[in-house]
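Participant: need a structure here:
(chains A and B)
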Amino acid sequence: MSDKKNPSNKLDRTSFISRSVLTLFGLVLAGNSISSNTGIKSQKKTTSNNKTAGGNSKIAGKHAELSILNSKPWNAETPPHLLDDKITPADRIFVRNNGKVPENIDVENWTLTIEGESAEKTKTYTLAELKSNFKQYSYQLTLECGGNGRKEFTPAAKGNQWSTGAIACPKWTGIRLKDVLNDVGVKSNAVYIGYYGKDVHLNGDPDKVVISRGVPIKKALEDEALIAWAVNDNDLPLMNGYPLRLVFGGWPASTSGKWLHKISIRDKVHDGPKMDGYSYRIPKYPVAPGTKVPEEDMKIIEVMPVKSLITHPKTGAKVKGRKSFEVRGHAWAGDLSIKEMHISIDYGATWRKCVLDPAINKNAWQQWRIQVALPEKGYHEIWSRATDSEGIMQPMVLPAWNPKGYLNNACHRIATKCV
Amino acid sequence: MENEARKYVNLFAFIVILALFWPYLSELRPGLFKKHVEITPYKVEEKPEVVDGIEIESGLIYAEGYLLVKQQCTSCHSLELVTQNRATRAGWKENIRWMQETQGLWDLGTLEGPILDYLSKNYGPKEASRRANLKNIEWYEL
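Facilitator: Have a look, this model is predicted:
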């Protein structure tokens, strides 16, 4: 600013100074009230020993009985019995946020830009253009957090301690990612796509990318790889990426970028934050629990393993006598399908085969059911075990330990009593 | 000339104000100033409300050093992320280094030792088991 001794300039300066001072105080106060808010939230939770949000500390648009793992950033999982529907209702889709949910979302001016070394050109679409220029598709796609089940690993792996509820399979509607990529032009040397979203880093730095992951180009070009704006025929919930996100069924949900505004077509494996280090990676070779694995010996998790969930009855069922009741749930297996489904009521000594429905489309979970009568009075656990189309089954104890506690697909267990 | 003088007076006043409030600013928002090194626990809470060994406001186990964690670890995420986790001292240190290298956590200076002591003592490794018993079952009639 050149000082030309004019009065308005002087005024500018004085007001600049007072404004800066005010801003500084504003920042301090804002920051302070945010942290005291957090205090209040954790207070609610510690008083009710189990971590269920009892209606009071609800997450916008989510079922009150989701278990809240973290209130800043929001992370919450769905108890198994609330996942009983074949098509997961939007308010029961788990929440896994790495940063702050974007505020003041302007849908009218929301754009998606495709760019990158392996893009023929850079092209930007408005939301309206995406909806009108491309054919729309709906698929039921299973999204599971790579860390679902982390809670059970010992030595403990750091991060949100998910139990079984970071899984959902709603109906997603949008357009095929490949249609958009092909509209822009994909060079033959394309290796990966990486996404960028509008979430804000927890440290408040607006330029710091929270998370930017993606998938190999082959997965990106599959029919079921969607750019989606709707869940079960309504707008995406804010917590799950409104107004636009990627959906890659069967892969760690962190590959399915939320609040999507940019996709980069890369000529190498994408290198955004959380593609590197120990995030969403497992050792290249089997290690003993607790092993310190060098970073260069870690590899990216691609497809999720075979798994199942008992969604009925809810754990804790007391059954009178030898009355039979239905046991049911879902099973899924990354990019594969489920071939067989079994349950055991004797700790895996014997297994009973369940009735199994086919998947509605690739990357959707499958439903299974069986009638069970408990053999005698007392405590009984029911275990569920799925087998994928290649014959791979869920383990009964924990699978391979890994530093960050990913891919726990041990069979699901519920407790019952015959009274 | 009067203008010039005015300018410097203003600038001076700004610096004085900033200097006066600096300790206040940095205590409340350590994250505001990246290279913030030393923060001595500035106040002992008058009467922390403690139920079953948990300091209610923070949700932390009430033990020596909890206040340091309450002061240093709440500006980015809730303490639920801390209390969910279990690790050895080395494991906690690794976690802090990761946040410093990738997430913008500042140098904790001389507070790092006491923070690690608190975390490893109160949130130390959990018992090993290949599969734990099912717990916290709420029984109901089917």
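Participant: Do you have the helices of chain B handy? List them.
Facilitator: Secondary structure of chain B by DSSP state H: the helices cover B:2-28, B:66-72, B:80-83, B:89-102, B:112-122.
Participant: Would you single out the least confident of those helices?
Facilitator: Averaged per stretch, pLDDT over the helices of chain B is lowest on helix B:2-28, reaching a mean of 61.
Participant: Let me see the contact set for the closest residue to residue A:157 other than its chain neighbours.
Facilitator: Residue nearest to residue A:157 in three dimensions, not counting chain neighbours: residue A:405, with 2.7 Å by Cβ to Cβ, 6 or more residues apart in numbering or on different chains. Glycine gets a C-beta too; all of them are placed from N, C-alpha and C. For residue A:405, the contact set (Cβ atoms under 8 Å, 6 or more residues apart in numbering or on different chains) comprises A:147, A:149, A:150, A:153, A:156, A:157, A:158, A:159.
Participant: cool, residue A:396 as well?
Facilitator: A:348, A:383, A:385, A:410, A:411, B:131.
Participant: Now do the same for it: helix, strand or coil?
Facilitator: Three-state call for residue A:396 (DSSP: H, G, I helix; E, B strand; the rest coil): coil.
Participant: And the contacts of residue A:396, which two are furthest apart?
Facilitator: Based on Cβ to Cβ, the longest span within these runs between A:385 and B:131 and measures 13.6 Å.
Participant: Count the residues that sit near the closest residue to residue B:117 other than its chain neighbours.
Facilitator: Spatial nearest neighbour of residue B:117, excluding adjacent residues (Cβ to Cβ, 6+ apart): residue B:65 at 6.0 Å. Residue B:65 is flanked by 20 other residues according to other Cβ atoms under 10 Å in any protein chain shown.
Participant: Residue A:136 now?
Facilitator: Residue A:136: 16 neighbours (other Cβ under 10 Å).
Participant: same check, this time on the one 10 residues further on
Facilitator: Residue neighbour count, defined by other Cβ under 10 Å, stands at 26 for residue A:146.
Participant: what's the answer for residue A:358, then?
Facilitator: Using other Cβ under 10 Å, residue A:358 has 10 neighbouring residues.
Participant: list the contacts for residue 134?
Facilitator: All of this is about chain A. A:175, A:176, A:179, A:180, A:183.
Participant: meant chain B actually
Facilitator: Listed by Cβ under 8 Å, 6+ apart, the contact set of residue B:134 reads A:315, A:381, A:413, A:414, A:415.
Participant: Name the nearest of these relative to chain B.
Facilitator: Chain B has its nearest neighbour among the contacts of residue B:134 in residue A:415, at 4.8 Å by Cβ to the nearest Cβ.
Participant: Can you tell me the SS state at the closest one?
Facilitator: strand.
Participant: ok, it touching residue B:137?
Facilitator: Yes. Residue A:415 is in contact with residue B:137 according to Cβ atoms under 8 Å; the separation is 4.8 Å.
Participant: shared neighbours, those two?
Facilitator: A:315, A:316.
Participant: domain parsing for the chain?
Facilitator: By default, I'm working from chain A. For chain A, automatic domain parsing gives the domain ranges A:107-275, A:307-418.
Participant: looking at chain B here, not the other one
Facilitator: Listed domain ranges for chain B are B:1-39, B:50-122 (source: automatic domain parsing).
Participant: More neighbours: residue A:385 and residue B:131, which one.
Facilitator: A direct count of neighbours by other Cβ under 10 Å for residue A:385 and residue B:131 places residue A:385 higher, at 23 against 14.
Participant: Give me the phi and psi for that one.
Facilitator: Here is the backbone geometry of residue A:385 (degrees, to the nearest 10): phi -140, psi 120.
Participant: Could you pull up the contacting residues of it?
Facilitator: A:308, A:341, A:342, A:343, A:344, A:348, A:351, A:393, A:394, A:396, A:411.
Participant: Could you check how far the spatially closest residue to residue A:184 that is not a sequence neighbour is from residue A:183?
Facilitator: Of all residues not flanking residue A:184 in the chain, residue A:114 sits nearest, at 4.4 Å (Cβ to Cβ, 6+ apart). Per Cβ to Cβ, to the nearest Å, residue A:114 is found 8 Å from residue A:183.
Participant: Show the contacting residues for residue A:123.
Facilitator: By Cβ under 8 Å, 6+ apart, the neighbours of residue A:123 are A:113, A:114, A:115, A:183, A:184.
Participant: Quick check: the residue lying closest to the third one once chain neighbours are set aside vs residue A:176, distance?
Facilitator: Meaning residue A:115. Distances taken as Cβ to Cβ, 6+ apart put residue A:122 closest to residue A:115, at 4.3 Å, once the chain neighbours are dropped. In this view, residue A:122 and residue A:176 are 20 Å apart by Cβ to Cβ.
Participant: Tell me which of the two has more neighbours.
Facilitator: The residue with more neighbours, out of residue A:122 and residue A:176, is residue A:176; 21 against 12, by other Cβ under 10 Å.
Participant: wouldn't that one be in contact with residue A:223 here?
Facilitator: Yes. Counting by Cβ under 8 Å, residue A:176 touches residue A:223, with 6.3 Å between them.
Participant: and for the two, which residues touch both?
Facilitator: Jointly contacting residue A:176 and residue A:223 under the rule Cβ under 8 Å, 6+ apart are residue A:137.
Participant: Looking at residue A:114 and residue A:183, which is more packed in?
Facilitator: Counting neighbours by other Cβ under 10 Å for residue A:114 and for residue A:183 shows that residue A:114 has the greater number, 23 against 15.
Participant: which residue packs closest to residue B:55, ignoring adjacent ones?
Facilitator: residue B:62 (4.3 Å).
Participant: hey, C-alpha coordinates of stretch B:82-100 in PDB?
Facilitator: Provided in PDB are the C-alpha atoms of stretch B:82-100 (Å, rounded to 0.1, in the frame of the first residue of the first chain):
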ATOM      1  CA  VAL B  82      -8.100 -40.100  23.500                       C
ATOM      2  CA  THR B  83     -10.200 -42.100  26.000                       C
ATOM      3  CA  GLN B  84     -11.100 -44.800  23.400                       C
ATOM      4  CA  ASN B  85      -7.500 -45.600  22.900                       C
ATOM      5  CA  ARG B  86      -5.000 -47.800  24.800                       C
ATOM      6  CA  ALA B  87      -1.200 -47.900  24.300                       C
ATOM      7  CA  THR B  88       2.200 -48.200  25.900                       C
ATOM      8  CA  ARG B  89       4.200 -45.000  26.500                       C
ATOM      9  CA  ALA B  90       6.000 -45.600  23.200                       C
ATOM     10  CA  GLY B  91       2.700 -46.100  21.400                       C
ATOM     11  CA  TRP B  92       1.300 -42.800  22.800                       C
ATOM     12  CA  LYS B  93       4.600 -41.100  21.800                       C
ATOM     13  CA  GLU B  94       4.200 -42.400  18.300                       C
ATOM     14  CA  ASN B  95       0.700 -41.100  18.100                       C
ATOM     15  CA  ILE B  96       1.800 -37.700  19.200                       C
ATOM     16  CA  ARG B  97       4.600 -37.700  16.600                       C
ATOM     17  CA  TRP B  98       2.200 -38.700  13.900                       C
ATOM     18  CA  MET B  99      -0.100 -35.800  14.800                       C
ATOM     19  CA  GLN B 100       2.900 -33.400  14.800                       C
END
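Participant: Could you give me the buried positions within it?
Facilitator: B:82-88, B:91-96, B:99 (16 or more other Cβ atoms under 10 Å in any protein chain shown).
Participant: Please go through those residues and note which also touch chain A.
Facilitator: Among these, proximity to chain A is found for B:84, B:85, B:86, B:87, B:88, B:91, B:95 (Cβ under 8 Å from any Cβ of the partner chain).
Participant: State the distance from residue A:404 to residue A:411.
Facilitator: 22 Å.
Participant: Could you pull up the contacting residues of the nearest residue to residue B:63 once chain neighbours are set aside?
Facilitator: Spatial nearest neighbour of residue B:63, chain neighbours left out: residue B:122 (5.5 Å); criterion: Cβ to Cβ, 6+ apart. Counting by Cβ under 8 Å, 6+ apart, residue B:122 makes contact with B:60, B:61, B:63, B:66.
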